[in-house]
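Visitor: Let's see this in three dimensions:
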Amino acid sequence: MALRSMRLRRNYSLEDVRSQMEWSLSKVVRIESGTVSISVNDLRVLLSLYGVSDPDEVTQMIDLARLARRRHWAAEYREYVSASYMDFLGYEDDATQISQYHPFLIPGLLQTEDYARLVVTAGPHYRNDSQAAEARVRLRMARQARVFAAGRQCRVRVVLDERALKPVHRPDVMRNQIKKILDLLPRLDLVILEQDTAAETGFVGPFSFHEFDSDLDPDVVYLDNQPDDVALVEDADMVDGYKASFRALYGQAVPGDSDTARKTLDRYRHH
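Guide: Sure thing, here's the model as predicted:
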């Protein structure tokens, strides 16, 4: 609230700050509300923009920013993820609808620990760092718990490519993974692209778009650079393009309700 008061004292609009700081409007809103933490360097620039030069006030604000970063629910994982991934977690926390597509892997929000561990350790970044790999797995499980928490009003839509259901070198891992997806179906809007249909989607990479209740919060897209990072897309035309891609993928999926997806999952589960 202090940052909002400072902005209003300068008669700056949210758009003014967005333009000066070269941030997204969503980021400005979230920083003011405390949903997303702000780095010390960004805070120094923002305070300068607001004309705050008193050393004691600057020090106090920086101390508060550092404290807020430590208090974030994912703070213990901060050393293992990028700043963009921490921002992604803030967007995910606030989203009222999350829509995801992945052509080859089970999306992170649906993964079991064992499946997540296979995915994380397959990449070169964590192959030889078991501590970092386990931290990423725990973070993934914590994300799931928050998104699917009882009482949270968040619709999750997933277009699951049938290629993502292919067996892995440990059959028990995939069987348990499919069981977890089946258990999540009551909370999940899931459709499955059959293999012959999926061949037409090869040029679409993994992505997730988040939608929000507030008009001040424009929708955003995150491109999934598994297993290491995510990239934010905020350009309105590009976001609309990804939404159109999701609608097309959703429309190409096997028609029907969750029972249709359940039958496909059961077939793979008993392979």
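
Visitor: Excluding chain neighbours, give the residue nearest to H72 in space.
Guide: Of all residues beyond its chain neighbours, the one nearest H72 is S37 (5.7 Å), with distances taken as CB to CB, 6 or more residues apart in numbering. C-beta here means a position set from N, CA and C on the backbone, and glycine is covered the same way.

Visitor: before we move on, what about S24?
Guide: Ranked by CB to CB, 6+ apart and with sequence neighbours excluded, the top spatial neighbour of S24 is E234, at 4.5 Å.

Visitor: Wait, the one you found touches D219, no?
Guide: No - counting by CB atoms under 8 Å, E234 does not reach D219; the two are 9.2 Å apart.

Visitor: Looking at the two, which one has more neighbours?
Guide: Neighbour tally, E234 and D219, criterion other CB atoms under 10 Å: the higher count belongs to D219, 20 against 15.

Visitor: Would you check that that one makes contact with F209?
Guide: Yes - with contacts defined as CB under 8 Å, D219 counts as touching F209 at a distance of 6.0 Å.

Visitor: Overlap of the contact sets of the two?
Guide: Here D219 and F209 share the contacting residues V239, K243, scored by CB atoms under 8 Å, 6 or more residues apart in numbering.

Visitor: now the helices for the stretch 151-271 of the chain?
Guide: If DSSP state H, counting those that start in this stretch is used as the criterion, the helices of the stretch 151-271 of the chain fall at 171-184, 195-198, 236-252, 258-269.

Visitor: pLDDT weak spots in the stretch 1-150 of the chain?
Guide: Within the stretch 1-150 of the chain, the stretches with pLDDT under 70 are 1, 35, 69-71, 124.

Visitor: in it, which spans are strands?
Guide: Taking DSSP state E, counting those that start in this stretch as the test, the strands found in the stretch 1-150 of the chain are 97-102.

Visitor: what about L232, how many neighbours?
Guide: Neighbour tally, L232, other CB under 10 Å: 16.

Visitor: what sits against it?
Guide: The neighbours of L232, taking CB under 8 Å, 6+ apart as the test, are S24, S84, D87, F88, V220, V221, Y222.

Visitor: how many neighbours does Q252 have?
Guide: Burial measure for Q252: 16 neighbouring residues, criterion other CB under 10 Å.

Visitor: I misspoke; the intended subject was V158.
Guide: The local packing of V158 (other CB under 10 Å) involves 23 other residues.

Visitor: And for V221?
Guide: V221 has 23 neighbouring residues, counting by other CB under 10 Å.

Visitor: What of E15?
Guide: The burial count assigned to E15 is 10, neighbours taken as other CB under 10 Å.

Visitor: Distance check, the closest residue to it other than its chain neighbours against P55.
Guide: Ranked by CB to CB, 6+ apart and with sequence neighbours excluded, the top spatial neighbour of E15 is L25, at 7.0 Å. Between L25 and P55 the distance is 31 Å, computed by CB to CB, to the nearest Å.
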